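Novice: let me see the structure of the following:
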Amino acid sequence: MHFTLLMNVILIIVAILLVLIGLVGAIVPGIAGPPFSFLGLLALSFVEGIEYSTEFLVVMGIIGAIIFVLDYVVPIWGTKTLGGTKAGTRGSTFGLIFGLLITIVFPVGFIAILLGPFIGAYIGEKYAGTDDHLAWRSAFGSFVGFMAGTFIKTVYAVVCIFYVVKDLIGLI
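Specialist: I've put the predicted structure just below:
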């Protein structure tokens, strides 16, 4: 009896931590948010008194996997859709990494992560010899793609948190 209670408490704590990491990962690049959010739901499904159907877990897992993949594709698509080249895409990626490093060293937070891909795409395009107008369009496409990916991941994370909170309240 005590072992089951202890396991339930551990699973609840793990589930809460995982969905919170998933939410952070939805916003901070480099942390795979959707898989953490899904694993939080999965952990909670093993708690006594909480039942998710297999279909629900499969659908949420597939949606999370699709969002995870789209997170890498959407910024590239945004850059290419607005006329960007491989140089702009590479620049956007380097800008993202540089923005993350700046965030670690300096307390400028989310601004560096937002501006990094934008500035990186612009510099990449200019380095490749692209005219100014097209370079700005590419940078804007990178920014829009990054924001779209962040929005989609955040919605998924919030939905997972909703289920976790709802079902934990239902246990009380």
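Novice: what's the helix or strand for the most centrally placed residue in the chain?
Specialist: By CA atoms, centre = their mean, the chain has its centre lying nearest to Ala26, at 3.0 Å. If you go by DSSP states H and E, Ala26 is part of helix 2-27.
Novice: for that helix, name the packing helices and strands.
Specialist: helix 33-44, helix 132-171 (3 or more CB pairs under 8 Å, 6 or more residues apart in numbering; DSSP states H and E). Glycine gets a C-beta too; all of them are placed from N, C-alpha and C.
Novice: winner for burial among these?
Specialist: Stretch with highest mean neighbour count among these: helix 33-44 (a mean of 23; mean count of other CB atoms under 10 Å).
Novice: on that earlier part again, ok, of the helices and strands packed on helix 2-27, where does mean pLDDT dip lowest?
Specialist: Taking the mean pLDDT of each of the helices and strands packed on helix 2-27, the lowest value is held by helix 132-171, a mean of 89.
Novice: could you check the angle that helix makes with helix 33-44?
Specialist: On the basis of axes from the mean of the first three to the mean of the last three CA atoms, to 10 degrees, helix 132-171 is oriented at 10 degrees to helix 33-44.
Novice: list the helices and strands helix 132-171 packs on?
Specialist: Using 3+ CB pairs under 8 Å, 6+ apart: helix 132-171 touches helix 2-27, helix 33-44, helix 54-81, helix 86-105, helix 110-127.
Novice: need the winner for burial among those.
Specialist: Comparing the helices and strands packed on helix 132-171 by mean count of other CB under 10 Å gives helix 33-44 as most buried, with a mean of 23.
Novice: what's in contact with it?
Specialist: 11-12, 14-27, 50, 52, 57, 60-61, 64-65, 67-68, 71, 153, 156-157, 160-161, 163-164, 167-168 (CB atoms under 8 Å, 6 or more residues apart in numbering).
Novice: and what of stretch 15-28?
Specialist: 31-41, 43-44, 47, 110, 113, 150, 153-154, 156-158, 160-161, 164, 168.
Novice: ok now it, how far from the chain's centre?
Specialist: Relative to its chain's centre, stretch 15-28 lies at 9 Å (CA atoms, centre = their mean, to the nearest Å).
Novice: going forward can the numbers begin at 5, since that is how I track them
Specialist: Taking 5 as the first residue, the last one we looked at is stretch 19-32.
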